[in-house]
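Asker: need coordinates for the below:
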Amino acid sequence: MSEHQILFLPSRQSSSFEEGTTFLDAALELGILIESTCAGLGSCAKCRVVIPSGARDPGPVEKNLLTPQELTKGVRLSCQARVGGKGVCVVPETSRLVGEQIMVDGHRSAIVLGPDLRKVHLTLDTPELGTKFFDAEELSRRLGVPVSQNLRAVRELPHLVREHKSSVTAIIDQDRLLGLEGGDTTASLYGVAIDIGTTTVAAKLLDLREGRVVGVASALNPQKAYGADVVSRIHYCTEHEGGLELMHRLIARQVEDLISKLCRQADIKAVQVYKLTVAANTVMQHFFLKIDPRAVAEMPYAAPFQGPITVEAAELGIMINRLGVVYVLPNLGSFVGSDITSVLTVLDVDQTPGIQLVVDIGTNGEMVLGSQERMVCCSSPAGPAWEGATIAWGMRAAHGAIERAEILEGDLQIRTIGGVPPIGICGSGLLDLVCEFVRAGVIDKSGRILGRAAVPETLPAALTDRILEQERGVSHLQIARLENNEHILLTQKDIREVQLAKGAIAAGIAILMKELGVAAEQITRVSIAGAFGNHVRGVDAVDSGLIPPVDPERIRFIGNAALSGAEAVLLSKDARLRAEKLARTIEYVEISDRADFQDTFVEAMRFRGTP
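Answerer: Predicted coordinates for the structure are as follows:
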């Protein structure tokens with residue numbers, strides 16, 4: 001099949017691609033990440049590009065999702081448009097996966113420094129003629145760990161002993177010898193804690209001798225170009241040969257890039273990094289470890305492993321020190337990953353008598369409820385609404401996104417990320433908007449936007465004027481005016497998406513409360529983790545029905561506590577052992593097959609906080 005040269009703008013990257021290749025795949029091959037929350041199925045219409053030349057004619061999907069005016073201007077869906085000749089593809093900023101706010105800070109607990117990973121320097125005795133002496137056995141005796149089980153170390157030992165005058169440094173992790181280095185190298189010992197999320201990846205570089213953070217970095221998860229949620233990415237792996245290899249390579253390469261960035265910050269080399277600790281949801285773990293994830297998405301949703309898993313970094317294609325290892329924290333359940341295990345290691349839920357609720361809000365909501373007596377967990381598919389994926393004017397948490405909204409002095413006031421003119425709505429702004437209009441009486445408990453004739457008479461005229469009445473009694477709300485006089489809208493469909501997202505999480509929490517037999521007033525503390533959760537107001541979380549009706553004073557937002565937990569495990573053997581104990585003892589509740597889930601979910605879709 002013939003190949004054609006395609007130039008991508010504004011990056012000015014080009015290459016030759018086989019005829020029939022989608023422009024989305026062509027862009028990804030060059031490392032250009034284009035928004036595609038539906039994994040290239042042609043349903044989200046987020047991957048708009050402009051192709052003046054070089055594409056085959058539009059098919060039925062594009063003709064259905066794009067207007068004739070857009071098609072005339074060369075606007076195409078990159079997942080549907082296929083290379084048909086030499087051409088140009090312009091990727092607008094609104095379609096590029098760049099500029100997102102990524103949270104790396106999170107709640108931290110007091111940690112006694114004592115990492116599993118350590119270096120021990122020894123000067124071995126010099127053997128005497130006629131005495132029974134073996135280097136490996138002498139080293140084992142001095143270290144207190146077996147050496148002969150590590151054949152690579154035994155092979156290297158004769159050279160190291162003679163080349164460095166019996167001075168060697170042993171690298172030990174979890175009481176297992178990783179290998180040996182010649183001379184005294186104890187002055188250099190670094191590790192990296194990593195949180196691999198569905199949308200973002202965050203990492204910290206730590207000096208393990210002092211327990212000090214010396215670098216912080218984050219990036220978008222490049223797999224996002226193949227779907228906004230884990231189910232979409234599993235579907236891609238199922239439908240495309242080599243899909244699993246691609247997903248693994250994308251995330252491994254991103255981890256390597258972050259490590260390189262961290263090392264530049266600290267002015268060290270990657271060879272000085274000996275260990276990675278990784279927290280991730282179950283599907284991200286599968287991709288990272290290159291394990292087929294399909295079993296997780298199919299009945300009975302049984303993951304092939306719980307973990308923890310320790311593997312050589314080189315086996316995953318991650319180039320740190322040649323002796324380096326990767327420790328992946330254990331999961332709690334099929335869709336309750338090690339990210340929530342990691343969160344729990346920096347909290348005290350398992351050590352206090354009071355009932356606590358921990359919620360990690362994302363495309364997949366993960367919840368843990370309990371105390372030192374008993375803890376239960378579950379997951380619920382919230383969907384990508386909090387990422388803006390299914391919202392008419394939704395967008396990621398990037399510059400121009402409405403992140404805060406409040407009704408003040410009779411009208412709606414908004415705030416955008418970066419303080420620039422608004423171009424869309426991110427997750428926290430979305431929840432703000434819905435809750436403010438619910439409290440004002442513009443949206444009723446069922447989630448319906450009321451017409452102008454049905455709103456309270458006391459409603460300020462400025463708010464009434466924001467109601468845009470449509471056919472068949474359906475209304476939209478005008479949020480902000482753009483420079484071209486077009487309005488950013490909050491649609492009735494958007495509100496339904498919010499209801500589905502928050503209802504899924506609220507229903508999961510309700511099932512756990514029923515499992516433990518506790519009421520809302522018995523919950524002494526609610527900890528909300530995740531980047532989205534950290535930007536939510538406590539009153540909104542309660543009024544929307546996202547969490548049970550607790551006093552907002554009991555709610556704390558703990559940021560990226562998953563990364564903090566991975567950091568704790570890297571710095572402390574005790575934290576690792578605690579994480580593993582939590583994974584063994586917390587009970588997993590599967591909610592999808594419960595007879596009471598559907599009714600609970602329907603009720604959870606309703607709003608509180610109405611007049």
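Asker: could you double-check that P304 sits in contact with A295?
Answerer: Yes. Counting by C-beta atoms under 8 Å, P304 does reach A295; the two are 6.0 Å apart. C-beta: built from backbone N, CA, C; applies to glycine.
Asker: okay, these two: which has more neighbours?
Answerer: The neighbour count for P304 versus A295, taken as other C-beta atoms under 10 Å, is higher for A295 (16 against 11).
Asker: ok, the spatially most central residue of the chain to E3 distance?
Answerer: Closest residue to the average C-alpha location of the chain: G197 at 1.9 Å, with C-alpha atoms, centre = their mean. G197 sits 36 Å away from E3, going by C-beta to C-beta, to the nearest Å.
Asker: cool, E403 as well?
Answerer: In terms of C-beta to C-beta, E403 sits 44 Å off from E3.
Asker: with neighbour numbers in mind, choose between the two.
Answerer: A count of neighbours by other C-beta under 10 Å puts E403 above the other of E403 and E3, at 22 against 13.
Asker: in the helix or strand harbouring that one, what's buried?
Answerer: Counting by DSSP states H and E, the element that carries E403 is strand 401-408. Neighbour counts using 16 or more other C-beta atoms under 10 Å place 401-405, 407 of strand 401-408 among the buried residues.
Asker: again with stretch 84-91
Answerer: In stretch 84-91, counting by 16+ other C-beta under 10 Å, buried: 84, 87-89, 91.
Asker: got a markdown table for the buried residues of strand 401-408, with pLDDT too?
Answerer: Below are these laid out as a markdown table (pLDDT from 0 to 100):
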| residue | pLDDT |
| --- | --- |
| A401 | 88 |
| I402 | 92 |
| E403 | 90 |
| R404 | 91 |
| A405 | 93 |
| I407 | 93 |
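Asker: returning to that earlier point: so which elements touch the helix or strand following the strand holding E403?
Answerer: Next helix or strand after strand 401-408 toward the C-terminus (DSSP H and E): strand 411-416. Applying 3 or more C-beta pairs under 8 Å, 6 or more residues apart in numbering; DSSP states H and E, one finds that strand 411-416 contacts strand 401-408, helix 427-440, helix 461-464, strand 475-481.
Asker: export stretch 75-88 to CSV, keeping only CA atoms.
Answerer: In CSV, the C-alpha atoms belonging to stretch 75-88 read as follows (Å, rounded to 0.1, in the frame of the first residue of the first chain):
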residue,chain,number,x,y,z
VAL,A,75,-12.9,20.4,10.1
ARG,A,76,-12.6,16.6,10.6
LEU,A,77,-12.6,14.0,13.4
SER,A,78,-9.0,12.7,13.5
CYS,A,79,-10.2,9.3,14.6
GLN,A,80,-12.4,8.9,11.5
ALA,A,81,-10.5,10.9,8.8
ARG,A,82,-8.0,8.7,7.0
VAL,A,83,-4.9,9.5,5.0
GLY,A,84,-5.6,9.6,1.3
GLY,A,85,-2.6,11.6,0.0
LYS,A,86,0.1,14.1,0.8
GLY,A,87,-1.4,16.7,3.1
VAL,A,88,-1.5,18.9,6.2
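Asker: in the stretch 151-300 of the chain, which spans are helices?
Answerer: Listed in chain order, the helices of the stretch 151-300 of the chain (DSSP state H, counting those that start in this stretch) span 151-163, 230-239, 243-266, 282-289, 294-297.
Asker: confirm that A507 sits in a helix.
Answerer: Yes. Assigned with DSSP: H, G, I helix; E, B strand; the rest coil, A507 falls within a helix.
Asker: surely it is in contact with I591?
Answerer: Yes. With contact defined as C-beta under 8 Å, A507 reaches I591; the gap is 7.3 Å.
Asker: need the residues touching each of these two.
Answerer: 380, 597 (C-beta atoms under 8 Å, 6 or more residues apart in numbering).
Asker: which one of these two has more residues nearby?
Answerer: A507 (26 against 21).
Asker: ok, the residue lying closest to G324 once chain neighbours are set aside - contacts?
Answerer: Nearest residue to G324, sequence neighbours excluded (C-beta to C-beta, 6 or more residues apart in numbering): A313, at 4.1 Å. A313 sits next to 276, 319-321, 324-326 when contact means C-beta under 8 Å, 6+ apart.
Asker: would JSON lines of the helices of the stretch 151-300 of the chain with mean pLDDT be doable?
Answerer: Below are the helices of the stretch 151-300 of the chain laid out as JSON lines (pLDDT from 0 to 100):
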{"stretch": "helix 151-163", "mean pLDDT": "89"}
{"stretch": "helix 230-239", "mean pLDDT": "87"}
{"stretch": "helix 243-266", "mean pLDDT": "94"}
{"stretch": "helix 282-289", "mean pLDDT": "95"}
{"stretch": "helix 294-297", "mean pLDDT": "84"}
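Asker: where does the stretch 101-250 of the chain dip in pLDDT?
Answerer: Under the criterion pLDDT under 70, the flagged ranges of the stretch 101-250 of the chain are 101-110, 128, 130.
Asker: so where do the strands sit in it?
Answerer: Chain-ordered strands for the stretch 101-250 of the chain, with DSSP state E, counting those that start in this stretch as the definition, fall at 118-123, 167-173, 176-182, 190-196, 200-207, 212-220.
Asker: great, nothing more from me.
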